[in-house]
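A.B. asks: no sequence on hand, only this structure:
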DNA sequence: CGTCCGCATGAGAGAGCTGTTAGAGGTCTG
DNA sequence: CAGACCTCTAACAGCTCTCTCATGCGGACG
């Protein structure tokens, strides 16, 4: 089911959209502010975003940039402003379409279908979130929230892959060492400590207090999604 | 250079678009009827179509269907009709955007950028930008910004194709070697280094600091669009 | 309270990988 | 048949990665 995130602070518009979208078998999420929108989108990545530019907390264009930092889901902007400058700014920030209020629901649905059709042509990649970083296993790429790319060495990738493939599970040092370095390296725990530190330094927001790459003293390490 | 096909029968609109698009470094083709549009598009496939629905010979929606039969280039519809039915019909036929006349040129250009950005993500465009060069995979042709053509040897093409067909993805040396040289050449990494250098020398603006043909030490190479 | 153990962090040496150049040999073309 | 072009190899300087060692920190335990 296609998941649509509706970002708007006007209750009647939200309700009208909710009713219409649910009747068309869309899964609907709602956020009343830019902050809430980014939060909800991070927790349950939407397939499409309908975004009102007139938000109470901060500028809609900032929301677009915040979303575009890590997702390529189409963004359809709603706005009362007909000024060309607003449209250009929103579209260049990463929006896919711009509809001025008042709008017909049929037109909006058609525009939704158009941008969804286009975005479905691109295939999606499995991405794991580790703190402030998105880890794309298939492309072997780590992107920070700011859009900046981080480079991992082969050993770092190997270790991270083993951890991520067993989310939430405790991995003993012996397991990790034999998986990454092969049999015969069970005693190179200093090595493991070093590379775990490297990963935390590169991926964790606060390397001294890891939130995802956890140590279980005396036991091993655990990746917490 | 991005090739835009303008389909309209009103001379003043065509002229205004031509001037504005050429000033923005688009390559502009013009067709005054639906028949001419399909013919021109077949001869020189455009990267984007701007289509007026009010054509003399046959319905604009038919032109959309005719194009969609064989190309996925974005279609931006211009129309004087504001009726929601027309919009829905055109969008569902395969158009990517619908702009009603009169329109601002800045808004139109922004919408063009938006749909082009989206279609480039899908990698359906056979033309890829690498630094100061345009790579046309279907025509096996590389053109510099100045219009000057660059010659690539067969091996260089083969390697470039493999890289460009997996944009953003990391390609290991083994992958590249077996793709380009065939199985059994996994140890010819010196070869790969040589040809990667050739490509950078020919395509990158600053071969010593590549912006698109990137090296990930120990991992492989990555084409960054 | 002192000691011990496991873990995190930093600096540094060595190995391995990469970019670049020059040149030999093979193939195509006129 | 000669020249041009392409492919591939070898060599070396510079850089990156891997691994080790040393130090500091914090909790567990006697």
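C.D. replies: Right, received. Where do you want to start? Here the structure is a predicted model, which is why all the values come from computation and not from measurement.
A.B. asks: low-scoring stretches of chain A, by residue?
C.D. replies: A:120-125 (pLDDT under 70).
A.B. asks: mind listing the strands for chain A?
C.D. replies: Secondary structure of chain A (DSSP state E): strands at A:3-7, A:27-31, A:48-52, A:75-79, A:97-100, A:127-130, A:133-136, A:141-144, A:149-150, A:170-172, A:213-216, A:220-223.
A.B. asks: closest to residue B:187 out of the ones you listed?
C.D. replies: strand A:141-144 (26.6 Å; Cβ to Cβ). Every residue, glycine included, has its C-beta placed from N, CA and C.
A.B. asks: which strands and helices lie in contact with the closest one?
C.D. replies: Contact here means 3 or more Cβ pairs under 8 Å, 6 or more residues apart in numbering or on different chains; DSSP states H and E; on that basis strand A:141-144 packs against strand A:133-136, strand A:149-150.
A.B. asks: hey, which of those strands is tucked in deepest?
C.D. replies: strand A:133-136 (a mean of 19; mean count of other Cβ atoms under 10 Å in any protein chain shown).
A.B. asks: quick one: contacts for residue A:76?
C.D. replies: When the contact criterion is Cβ atoms under 8 Å, 6 or more residues apart in numbering or on different chains, the partners of residue A:76 are A:48-51, A:95-99, A:108, A:111-112, A:115.
A.B. asks: for ChimeraX, write a command that selects the buried ones of the residues you listed.
C.D. replies: In ChimeraX syntax, the buried subset of the contacts of residue A:76 is picked out as below (16 or more other Cβ atoms under 10 Å in any protein chain shown):
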select /A:48,49,50,51,95,96,97,98,99,108,111,112,115
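A.B. asks: contact residues of chain A facing DNA strand D?
C.D. replies: Selection of chain A residues close to DNA strand D by Cβ under 7 Å from any atom of the strand yields A:151, A:153-156, A:181, A:188, A:190-191, A:194.
A.B. asks: top of the residues you listed by neighbour count?
C.D. replies: Within the residues of chain A next to DNA strand D, residue A:156 tops the neighbour count with 20 neighbours, counted by other Cβ atoms under 10 Å in any protein chain shown.
A.B. asks: that one and residue A:202 touch, don't they?
C.D. replies: Yes. Contact between residue A:156 and residue A:202 holds when scored by Cβ atoms under 8 Å: they sit 7.4 Å apart.
A.B. asks: and for residue A:44, the neighbour number?
C.D. replies: For residue A:44, using other Cβ under 10 Å, the count is 10.
A.B. asks: measure it to DNA strand C for me?
C.D. replies: Distance, residue A:44 to DNA strand C, using Cβ to the nearest atom of the strand, to the nearest Å: 31 Å.
A.B. asks: need the contact list for that residue.
C.D. replies: A:3, A:29.
A.B. asks: quick one on the thing from earlier: take the strands of chain A and write them to a markdown table, including distance to residue A:88.
C.D. replies: Converted to a markdown table, those look like this (distance: least, Cβ to Cβ, whole Å):
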| stretch | distance to residue A:88 |
| --- | --- |
| strand A:3-7 | 20 |
| strand A:27-31 | 25 |
| strand A:48-52 | 16 |
| strand A:75-79 | 12 |
| strand A:97-100 | 9 |
| strand A:127-130 | 30 |
| strand A:133-136 | 28 |
| strand A:141-144 | 27 |
| strand A:149-150 | 28 |
| strand A:170-172 | 51 |
| strand A:213-216 | 43 |
| strand A:220-223 | 43 |
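A.B. asks: do you know which of the ones you listed lies nearest residue B:211?
C.D. replies: strand A:149-150 (12.5 Å).
A.B. asks: residue most distant from the centroid, chain A?
C.D. replies: Most distant from the centre of chain A: residue A:184, at 38.9 Å, with distances by Cα atoms, centre = their mean.
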